[in-house]
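Take a look and give me a structure for this.
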Amino acid sequence: MNFLTRVRLLWTACIALFVSAVVGLRWGAQISIAMLPKPQRAFADAELLHSIWITRSIFLFLLSAICGVLGIYYSLRASDASER
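Below you'll find the predicted structure:
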């Protein structure tokens with residue numbers, strides 16, 4: 001796999017992870033409650049679900065940052081390879 005392909009893959013993953021983290025922070029608890037069976041929705045704890053989604057979103061933000069840093073690294077490597 002050449003450097004340019006890695007750059008494209010990492011930047012796409014970075015953007016997708018960032019969007020997923022933002023959606024999880026904003027609507028994660030509501031999505032989880034909506035996916036529960038109808039009898040259990042009344043008893044769902046929105047605060048607990050929100051705290052779980054905060055933890056998941058932090059993890060997704062960290063993965064996004066790692067992909068971003070690797071994307072920068074491979075962008076630099078790709079530009080060095082194209083100069084040669």
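
The residue nearest the centre of the chain sits in which helix or strand?
By C-alpha atoms, centre = their mean, the chain has its centre lying nearest to L17, at 1.9 Å. Assessed by DSSP states H and E, L17 sits inside helix 3-35.

now for that helix, which elements pack on it?
Counting contacts by 3 or more C-beta pairs under 8 Å, 6 or more residues apart in numbering; DSSP states H and E, helix 3-35 packs against helix 46-83. Heads up, the C-betas are built off the backbone N, CA and C, glycines and all.

name the helices or strands packed onto the helix it packs on?
On a contact count with 3+ C-beta pairs under 8 Å, 6+ apart, helix 46-83 meets helix 3-35.

Helix or strand next in line after the helix it packs on, which one?
helix 38-41.

and that following helix, which residues are buried?
For helix 38-41, burial by neighbour count (16 or more other C-beta atoms under 10 Å) applies to no residue.
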